[in-house]
Every structure is written in C-alpha cells, then in structure tokens.
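1. Okay, sequence plus prediction incoming.
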Amino acid sequence: MRYAVVIEKGETSYGAYIPDLPGCVAVGETLEEVKALITEAIEFHLEGMREEGTPIPKPTTIAHEVEVIK
C-alpha cells in the first residue's frame, strides 16, 4: 500500500503525518531525517494495528500539487 505523507517545515524542524493513519507522526531536524522516521513510524504503526487486530485502513488520501503563478 502507498500512503500519502504530509510534511510541514517548522522553524527548526520538519513534521510529518499520514492523514489515513491518525496518530502516525514523526519529527526530524532535516527533510531526509523526517522522511526516514515517518517510514519507520508507518511500519511500527501498522505492526501495532495488526497485533491488536485492528483493521488496516486502505489509503484514500490523494495528494495534488498546484502551481500558482503570480
């Protein structure tokens, strides 16, 4: 499965979350770090859901970038 990941740049770090997996988040000092950490977080999150017998949600979020020309 492929989940959409939202990454936001803060003042001193990057934060990432998965809209289709509430509670699955990561924070890193660099973009590369947060990408690696959110991948680990997804794997850990899904593993926990499987162990609890919770259904794994199918990805439904669609990412779309729009270029705005001033």
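-> Perfect, I can see it now.
2. mind checking pLDDT for residue 27?
-> The predicted local distance difference test score for residue 27 is 98.
3. can you check residue 1 too?
-> Residue 1 carries a pLDDT score of 88 in this model.
4. out of everything not next to it in sequence, what's closest to residue 60?
-> Leaving aside its sequence neighbours, residue 60 sits nearest to residue 20 (CB to CB, 6 or more residues apart in numbering; 5.9 Å). Every residue, glycine included, has its C-beta placed from N, CA and C.
5. which residues are contacting the strand or helix carrying residue 27?
-> Secondary-structure assignment from DSSP states H and E places residue 27 in strand 25-28. Where contact means CB atoms under 8 Å, 6 or more residues apart in numbering, the residues beyond strand 25-28 that reach it are 13-18, 34-38, 40-41.
6. That one pairs with which strands, and in what direction?
-> The strands that strand 25-28 pairs with in its sheet are strand 14-17 (antiparallel) (by DSSP bridges).
7. Just the buried residues of the strand it pairs with, please?
-> Of the residues in strand 14-17, those with enough neighbours to count as buried (16 or more other CB atoms under 10 Å) are 14, 16-17.
8. and that strand, how far out from the chain's middle?
-> Between the centre of strand 14-17 and the centre of its chain there are 7 Å (CA atoms, centre = their mean, to the nearest Å).
9. Restricting to C-alpha, output it in CSV.
-> The C-alpha trace of strand 14-17 is given here as CSV (Å, rounded to 0.1, in the frame of the first residue of the first chain):
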residue,chain,number,x,y,z
TYR,A,14,10.1,19.1,9.9
GLY,A,15,7.0,17.3,10.9
ALA,A,16,5.3,14.5,9.0
TYR,A,17,1.9,12.8,9.4
